[in-house]
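Trainee: My questions concern the predicted model and sequence given below.
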Amino acid sequence: MNQAAIFFPVFALAGLTFAILLLIPYKRIKAVALKQLVADDFKLGESKNVPPNVSLPNQNYINLLELPVLFYVVCLLLYVTQRVDMVALSLAWSYVTLRVVHSVIHLTSNHILQRLFVFALSTFVLIAMWVRVFIAIS
């Protein structure tokens, strides 16, 4: 198995993160241009005046910088320890897919139970990745 294949889901998740990062200024600039907000509403982060449709991309971006850090680390561990196999690759792609679904839910309907379910499922996948690496190197 090509050990470097583990980096394709890493690149995909990084791509999602960058896409959400680009969505933040787009939403903010659009809201200011439409005179829904003023630039000072972002002076210290986001004021109470910022509507959810403008603040959600920023919240989603923050989410993509929290738990996914453990995904990046476990993928590096898999590569360094030469433990990339089809199961690890499937789990990695499952994690990325679930994070994409989580972002789509968060940025559209923002249905809490759906979002929670997908987030929990992605977390279980991530835990499974860590358990497999731990067992493999123990």
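Mentor: Structure's in. What do you need?
Trainee: In terms of pLDDT, where does the residue lying farthest from the centre of the chain sit?
Mentor: Taking Cα atoms, centre = their mean, the residue of the chain most remote from its mean C-alpha position is K35, at 30.4 Å. K35 is assigned 94 on the pLDDT scale.
Trainee: same question, L44
Mentor: At L44, pLDDT is 87.
Trainee: Same question for L56.
Mentor: 96.
Trainee: What strand or helix carries it?
Mentor: helix 52-64 (DSSP states H and E).
Trainee: how about that helix: buried residues?
Mentor: Within helix 52-64, the residues scored as buried using 16 or more other Cβ atoms under 10 Å are 54-61, 63-64. Where C-beta positions appear, they are placed from N, C-alpha and C, glycine not excepted.
Trainee: Enumerate the positions of whichever helix or strand comes after it that are buried.
Mentor: Tracing the chain C-terminally past helix 52-64 and defining elements by DSSP H and E, one meets helix 68-80 next. Residues of helix 68-80 classed as buried: 68, 71, 74-75, 77-79 (neighbour count, 16+ other Cβ under 10 Å).
Trainee: Repeat that for stretch 98-111.
Mentor: 98-103, 105-107.
Trainee: Same question for stretch 20-35.
Mentor: Neighbour count says stretch 20-35 has 20, 23-24, 27-28, 31-32 buried, by 16+ other Cβ under 10 Å.
Trainee: Equivalent analysis for stretch 130-138, please.
Mentor: 132-133.
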